[in-house]
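Task: produce atomic coordinates for the following.
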Amino acid sequence: MQNFNLKTMMNQPERLAPGHRMCAGCGATIAVRAVLRGLHQGDHAVIGNATGCLEVSTFTYPYSAWEDSYIHNAFENAGATISGVETAYKALKKKGKIPADVNYKFITFGGDGGTYDIGFQSLSGAMERGHDFLYVCYDNGAYMNTGIQRSSATPMFADTTTTPAGKCSDGKMQNRKDLASIIADHDVAYVAQTTFTRDFRDIHMKAEKGIYTEGPCFLNVMAPCPRGWRYNTEDVMEICRLAVETCYWPLFEVDHGRWKLNYVPKKKLPVEEFLKTQGRFKHLFKPGNEHLIAQFQAEVDRRWEDLLYKCNREYND
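Purely as a prediction, here's the structure:
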């Protein structure tokens, strides 16, 4: 992997063309553009994409917003499809049917519905087989494309169309799944969790590392959804900042089994600073619901302490 240079990264040519139909303030396209800047000039890519918001809004045959080769996968099989393409590429290169100086990288994108849930079996199998590719989950915390239904990535107490907050419910009752840790337990080459920081350095570095680390790699990107989360479109970056500063969404990586925490807030903010920016948590701030915020805070604190332990374990043993 080349030495990281933020200025060079930001000046990379765009590989997702403007003119797609994603919503203003959508985190998914920000994630895609940031990740694809990790590709070095001259290298080619094959992009896989599970059914979801990103797919239906960037590709309608014969029109495509993708500058690289693109495959639309069914909801459940993005991991299997991209691993099959990677295997075919290696076979063709071995037979001399692809020039030795032509380099392709394999990247696939999926939302949390197509990654945490419906596509997990396909993803887990591809990771276990050891294919050389990067899977990127743009995690917007629900099945946004089909009407904002809860997924296993949906945080506790979130108001969705299948976990509506009201007189009889406080929203989703379960904690969200910690997918990055689950993929790390597959003993793969590289796993990282990231989102959009002020200068994009974290996501750019991790994208380049994931693309150019040999073996199966996974990137979990928090990508807010203005419709599902109910925020003003211009607030997307502030929401991501608060997710990191409250430790709701820590920035970390697992490089060949070694856990590393990439950022520790100077002053950890209370999680309510993150929650109050979004309409899906509006009910938590009604009188009498203080215990729900306290329960949410306790879960954030528990996961943060667990992450600190994982990242320091090699020094404590």
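
Residues contacting the helix or strand harbouring residue 29, please?
Here residue 29 sits within helix 27-36, counting by DSSP states H and E. The contact list for helix 27-36, computed with Cβ atoms under 8 Å, 6 or more residues apart in numbering, reads 12, 14-16, 20, 22, 45, 53-54, 58, 68, 107, 109, 111, 134, 136, 138, 140, 195-196, 200, 203-204, 207, 211, 219, 221-225, 236, 240. No exception for glycine: its C-beta is placed from N, CA and C like everyone else's.

can you give me the strands for the stretch 1-150 of the chain?
44-50, 59-60, 63-64, 69-73, 104-111, 134-139 (DSSP state E, counting those that start in this stretch).

Relative to residue 264, which of these is closest?
Taking Cβ to Cβ, strand 134-139 is the member of those nearest to residue 264, at 21.6 Å.

What is that closest one packed up against?
Applying 3 or more Cβ pairs under 8 Å, 6 or more residues apart in numbering; DSSP states H and E, we find strand 134-139 packed against helix 27-36, helix 78-94, strand 104-111, helix 112, helix 120-129, helix 201-212, strand 217-222.

buried set for the first one?
The reference is to helix 27-36. Buried positions in helix 27-36, judged by neighbour count with 16 or more other Cβ atoms under 10 Å: 27, 28, 29, 30, 31, 32, 33, 34, 35, 36.

can you list contacts of the lowest-mean-pLDDT helix or strand in the chain?
For the chain, counting by mean pLDDT, DSSP states H and E, helix 6-10 ranks last in confidence among helices and strands (a mean of 73). Contact with helix 6-10 is made by 37, 38, 199, 200, 201, 204, 208, as judged by Cβ under 8 Å, 6+ apart.

which of these has the weakest pLDDT?
Minimum pLDDT for these is recorded at residue 199 (87).

in what helix or strand does it lie?
Under the criterion of DSSP H and E, residue 199 resides outside all helices and strands.

burial of it, as a residue count?
By the measure other Cβ atoms under 10 Å, the count of residues near residue 199 is 10.

Next, work out how far apart it and residue 34 are.
From residue 199 over to residue 34 the distance is 11 Å, taken as Cβ to Cβ, to the nearest Å.

sorry, back to before: filter the contacts of helix 27-36 down to the buried ones.
For those, buried by 16+ other Cβ under 10 Å: 15-16, 20, 22, 45, 53-54, 58, 68, 107, 109, 111, 134, 136, 138, 140, 195-196, 200, 203-204, 207, 211, 219, 221-225, 236, 240.

For residue 310, find the nearest of the helices and strands packed on strand 134-139.
Taking the helices and strands packed on strand 134-139 one by one with Cβ to Cβ, strand 217-222 is closest: 15.2 Å.

tell me which residues form a beta bridge with the residue nearest in space to the middle of the chain?
Most central in the chain under Cα atoms, centre = their mean is residue 221, positioned 2.5 Å from the mean C-alpha point. Counting by DSSP bridges, residue 221 is bridged to residue 138, residue 194.

Please identify the buried residues of the least confident helix or strand of the chain?
With burial defined by 16+ other Cβ under 10 Å, the residues of helix 6-10 counted as buried are residue 9.

My guess is residue 38 contacts residue 200. True?
No - Residue 38 is beyond contact range of residue 200, at 10.9 Å (criterion: Cβ atoms under 8 Å).

follow-up on the earlier one: adding pLDDT as columns, could you present the buried residues of helix 27-36 in CSV?
As requested, the buried residues of helix 27-36 are exported to CSV (pLDDT from 0 to 100):
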residue, pLDDT
27, 95
28, 95
29, 95
30, 95
31, 96
32, 96
33, 95
34, 95
35, 97
36, 96
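
Can you tell me which of those comes closest to residue 175?
For those, the closest approach to residue 175 (Cβ to Cβ) belongs to residue 27, at 21.3 Å.

what about that closest one, distance to residue 251?
15 Å.

Would you mind putting the strands of the stretch 1-150 of the chain into TSV with distance to residue 80 and mean pLDDT alongside?
Putting those into TSV (distance: least, Cβ to Cβ, whole Å; pLDDT from 0 to 100) gives the following:
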stretch	distance to residue 80	mean pLDDT
strand 44-50	9	96
strand 59-60	19	90
strand 63-64	22	91
strand 69-73	8	95
strand 104-111	10	97
strand 134-139	11	98
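
any idea which of those strands is most buried?
Comparing the strands of the stretch 1-150 of the chain by mean neighbour count (mean count of other Cβ atoms under 10 Å), strand 134-139 comes out on top with a mean of 29.

and that one with strand 104-111, angle?
Strand 134-139 runs at 20 degrees relative to strand 104-111, counting by axes from the mean of the first three to the mean of the last three Cα atoms, to 10 degrees.
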